[in-house]
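K.L.:
model the structure of this input:
(chains A and B)
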Number of protein chains: 2
Amino acid sequence: MAATINPPPRNDLFPFELVRPELERVEISIREQVRAFDPAVEPYVAYICNTSGKRIRPALAILVGGAAGGVTDDHLKIGVILELIHMATLVHDDIMDGANTRRMVPTANAKWGNALSVLLGDVLFSHALTLATDFNSIDICRKVGNAAREVCQGEIIQTQRRFDLTFTKAEYFRVIEMKTGALFAAATGLAANLSGMDAEIEARLHSYGMKLGTAYQIYDDCLDLVGSEEVVGKTLRTDLIKGKLTLPILNLLETASEAQRIKINKRILDQEPLDLPILLGIAEYEGAIERAIDTALQLLVDCRADLAPLGKSVHSDALAQITWFLAGLLEKCRK
Amino acid sequence: MAATINPPPRNDLFPFELVRPELERVEISIREQVRAFDPAVEPYVAYICNTSGKRIRPALAILVGGAAGGVTDDHLKIGVILELIHMATLVHDDIMDGANTRRMVPTANAKWGNALSVLLGDVLFSHALTLATDFNSIDICRKVGNAAREVCQGEIIQTQRRFDLTFTKAEYFRVIEMKTGALFAAATGLAANLSGMDAEIEARLHSYGMKLGTAYQIYDDCLDLVGSEEVVGKTLRTDLIKGKLTLPILNLLETASEAQRIKINKRILDQEPLDLPILLGIAEYEGAIERAIDTALQLLVDCRADLAPLGKSVHSDALAQITWFLAGLLEKCRK
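P.N.:
Residues are numbered from 1 along each chain as shown, chains lettered A, B, ... in the order given. Presented below is the predicted three-dimensional model:
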C-alpha cells in the first residue's frame, strides 16, 4: 500500500479548477455542436448537449496540453470530440438500463422513448467521429475511432457476462480498460500527440489515462457497494441488481468460505440480484472491498510515474493532483 | 411520364451480375471484419456479418469503379464500409421496430435482447468509421462520417414526424434523401473520387446515387402499400401502422375530397394505424400511387443523365440498367 504512505499534498481546489476558463470554452463548444445538425434534429441534440457533466475527458486533454507546451484550440477540440462520444454512450446506456433520470433531469429515453434515443446516440456518435476529421490527421481519426470501438466492445462484454460465474479478474480488468480506460487514455494520449510530443511520450500519457480511468472505474464499482445514495446523488446497488461482477465481488468470491461462496454462486446462477445485506453478513466482505481499493491505489501510483516525461509545471502538478484526489475518494470507501 | 416512353432495353440479367466476382470478394471481406474485434465480441459481429443482403451499396461503388477506369481494392473497401454502416442501422432499426426476423433469420434483438443489440449496432458503426481511415484520406473519412450522420438524422426526423399532419412533401423528400439517398450517393460519389475523377464528375455520380436512392425509397414506400407479402417476402403495411406519411399518402391527402381527408386526418391525429381497406375505398387512392410512381420514374430519368461523364462501357451500361430495372419494378406497382 505504498500509495497511502506519502500523504497527499495540500490541495484545497479540485485540480480541474486550474483550467476552468478552458473548460468553459469546452462547454460552449459542446452547446454549439447543435449547429451541425438539421434544424429538425437540433432540439434533441441540444437537450443532450445542455446537460451537465464532470467533463473529465476534456479536462484531462487540456491539462496534458498545458503541461506539454501550452493549451491550444486542438486540445479543446479533442476534449469536445471525446466528450461527445461519452455522451452518446450515456444516451445508449440509459436505454439499456431503462433509466429515467440522469443528473436530476429526465433521460432522452424518458422524454422521447427508446427508438428516438437509439438514433440520438447514433447521431452524436457519427458527429463526433466526423468532427475528428477537422484535425486533418488520419492518425487522430483512427485513434478516436478505435477508442469509440473499444468503449462499445467493453460494454458488450460487460452486458454479455452479467451473472456469469466464469468471469475472471483478468476479464474484469479488460472490460473496464475498454469501457472507461479507452476514452481517458485517448484524451491524455491524443493531447500529447496534438502538442507534438513524440510517440514514446504519447504512449506514456496514454498509459496515464488508461490507469487513471481504470482506477476511476474501480472507485465507481466500490462506491456502488459502499456509497450512500444521498451523498453520491445517484441510484446505487445497481451493479448487484444487474449481476455485474465487479472487482470487490470477484475478490469476495476468492476469499469467502466454501459455504458462503456456494450461497453467492447460487444467487448468481439463478440470476437473482445480489443482496447487500447478504454480502455484509460475510466476514470477508470488508477485506474484499479493501483489496479492490488497494488495487486502484496501486494503479494511481503507477500512473503518477507516467507523468515524469512532462516535467514540472502547474498543469503536470494538476494531473498528479487528480490521482491524489481520487486516492482520497478511494480511502473514504474504507469502512 | 417521359420515363416510360422509351422502352427499357432487353436485359435478362440483373445488372449486378456483371460484378458478381467482386461482390463475392465484398462478401468475404464483410465476413472477415470480425477479426478486428475482441474474441468475446466476435460471435455477435459474425452473426450480423453472415446475414445476407442485396449489397446494393457495394455493387454501386464497384460499378462506378469499373466505369471510371477499373475496379480496385479501394472500391471494394468503400463498399464494405458503407455496407457495414447500413448493417449497423438495420440492427438499430430492428430494435426500434421490435422486429423478430429479418431475411428469414432472427434479428439480433430477438436473439440477445435490446441492450446488447444497441451496443452491437454501435460497435459496427464505430468499426466502419475507423475502417475509413485505411484510405489515408481525410476527405474520404469526412464524407463517410457525414453520410453516416445523414442516415441517422433522416431516421430521427422520420421517427419524430410519425402521425404528424404538418409533415410536407418537401420534408418527406429531405428525409428519404438522408435516410436512403446519403449512403447510395456516398457509394457512387466516393467510388468516383477513389478513381481519381475530378470534383465535378464526383458530384455528378453523387447526384446519380442520391436520385437512385430516393427513387428506390419511393418504390419501397409504394410496395409497402401495394405489394403482396408472399411475393415480397417481408411484412408489409408497416408504414401505415407506424404512422409514416409516405409519398403515396401525402399525394392522397392532397387530392382526397374534404370528407375523406377529414376521415384520414382524424385517424392520423388519433395515432390510429391507417387501414388499407379505408384507403382502397377512396377514389383518389390509385391516382396517389400512380403519381408517386411517376415521381420516382422522373428521378430515374434525371439520374441516368448524371451518368453521361462516364462514357460508354459495360459498367456504365449496368449503372443505367439499374435504373431501368427499378423503373420496371415501379411499373409493376401500378394497378
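K.L.:
CA only for contacts and neighbour counts going forward, please
P.N.:
Will do.
K.L.:
what's around residue A:100, how many residues?
P.N.:
For residue A:100, the neighbour count with other Cα atoms under 10 Å in any protein chain shown is 15.
K.L.:
in space, what's closest to residue A:176 - neighbours in sequence excluded?
P.N.:
Setting aside the residues directly before and after it, residue A:176 is nearest to residue A:214 in space (Cα to Cα, 6 or more residues apart in numbering or on different chains), at 6.0 Å.
K.L.:
any idea which residue sits dead centre in chain A?
P.N.:
Residue closest to the average C-alpha location in chain A (Cα atoms, centre = their mean): residue A:180, at 4.0 Å.
K.L.:
nearest residue to that residue other than its sequence neighbours?
P.N.:
Nearest residue to residue A:180, sequence neighbours excluded (Cα to Cα, 6+ apart): residue A:213, at 5.6 Å.
K.L.:
please name the residues that touch the one you found.
P.N.:
Remark: with contacts taken as Cα atoms under 8 Å, 6 or more residues apart in numbering or on different chains, residue A:213 is in contact with A:177, A:180, A:181, A:182, A:184, A:185.
K.L.:
return the set of buried residues in the host helix or strand of residue A:220.
P.N.:
Taking DSSP states H and E as the criterion, the element that holds residue A:220 is helix A:199-226. Residues A:201-226 are the ones in helix A:199-226 that count as buried (16 or more other Cα atoms under 10 Å in any protein chain shown).
K.L.:
can you check stretch A:324-335 too?
P.N.:
Judged by neighbour count (16+ other Cα under 10 Å), stretch A:324-335 contains these buried residues: A:324, A:325, A:326, A:327, A:329, A:330, A:331, A:333.
K.L.:
and those residues, which is closest to chain B?
P.N.:
Checking the buried residues of stretch A:324-335 against chain B by Cα to the nearest Cα gives residue A:326 as the nearest, at 29.2 Å.
K.L.:
quick check, the closest one in contact with residue A:216.
P.N.:
Yes. Using Cα atoms under 8 Å, residue A:326 makes contact with residue A:216 at a distance of 7.2 Å.
K.L.:
who's in contact with stretch A:242-257?
P.N.:
In this structure, residues lying in contact with stretch A:242-257 by Cα under 8 Å, 6+ apart are A:158, A:161-164, A:167-169, A:172, A:218, A:221-222, A:239, A:261, A:264, A:268, A:271-274, A:282-285, A:287-289, A:291-292.
K.L.:
ugh, typo on my part, it should be stretch A:32-45
P.N.:
The contact list for stretch A:32-45, computed with Cα under 8 Å, 6+ apart, reads A:46, A:49, A:120, A:124, B:153, B:156, B:157.
K.L.:
now do the end-to-end distance for it.
P.N.:
Start to finish, the residues bounding stretch A:32-45 are 10 Å apart (Cα to Cα, to the nearest Å).
K.L.:
go ahead and name everything in contact with the helix or strand of chain A with the lowest mean pLDDT.
P.N.:
The weakest-scoring helix or strand in chain A, judged by mean pLDDT, DSSP states H and E, is helix A:229-232 (a mean of 78). When contacts are defined by Cα under 8 Å, 6+ apart, helix A:229-232 is touched by residues A:235, A:236.
K.L.:
tell me if residue A:245 really is in a strand.
P.N.:
No. According to DSSP: H, G, I helix; E, B strand; the rest coil, residue A:245 belongs to no strand; its state is coil.
K.L.:
how many neighbours does it have?
P.N.:
Other residues near residue A:245 come to 25 when the count uses other Cα under 10 Å.
K.L.:
which residues belonging to the least confident helix or strand of chain A are considered buried?
P.N.:
By neighbour count, and taking 16+ other Cα under 10 Å as the criterion, helix A:229-232 has no buried residues at all.
K.L.:
enumerate the residues of chain A near chain B.
P.N.:
Within chain A, the positions adjacent to chain B are A:37-38, A:40-41, A:92, A:95-96, A:114-116, A:118-120, A:122-123, A:126-127, A:129-130, A:133, A:136-138, A:141-142, A:145-146, A:148-149, A:152-153, A:155-157, A:159-160 by Cα under 8 Å from any Cα of the partner chain.
K.L.:
let's see it at 7 Å
P.N.:
A:40-41, A:96, A:115-116, A:119, A:122-123, A:126-127, A:129-130, A:133, A:136-138, A:141-142, A:145-146, A:148-149, A:152-153, A:156-157, A:159 (Cα under 7 Å from any Cα of the partner chain).
K.L.:
phi, psi for whichever residue of the stretch 201-335 of chain A sits closest to chain B please.
P.N.:
Proximity of the stretch 201-335 of chain A to chain B (Cα to the nearest Cα) peaks at residue A:242, 12.2 Å away. Backbone torsions for residue A:242, taken as degrees, to the nearest 10, come to phi -90, psi 0.
K.L.:
pull up the per-residue confidence for it.
P.N.:
Model confidence at residue A:242, expressed as pLDDT, equals 88.
K.L.:
same thing with residue A:2?
P.N.:
So residue A:2 comes in at 39 (pLDDT).
K.L.:
can you check the one 10 residues further on too?
P.N.:
The model reports residue A:12 with a pLDDT of 42.
K.L.:
re the thing from before, show me how to select, in ChimeraX, the buried members of the contacts of stretch A:242-257.
P.N.:
Selection of the buried residues among the contacts of stretch A:242-257 in ChimeraX, burial being defined by 16+ other Cα under 10 Å:
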select /A:158,161,162,163,167,172,218,221,222,239,264,268,273,274,284,285,287,288,289,291,292
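K.L.:
run a quick neighbour tally on residue A:281.
P.N.:
By the criterion of other Cα under 10 Å, residue A:281 has 11 neighbours.
K.L.:
let me fix that: residue A:80
P.N.:
Going by other Cα under 10 Å, the residues that sit close to residue A:80 add up to 30.
K.L.:
I'd say it and residue A:59 touch.
P.N.:
No. Under the contact definition of Cα atoms under 7 Å, residue A:80 does not touch residue A:59, with a separation of 10.0 Å.
K.L.:
look up how far residue A:243 lies from residue A:228.
P.N.:
Remark: distance between residue A:228 and residue A:243 (Cα to Cα) = 20 Å.
K.L.:
scratch that, residue A:100
P.N.:
Taking Cα to Cα as the measure, residue A:100 and residue A:243 are separated by 20 Å.
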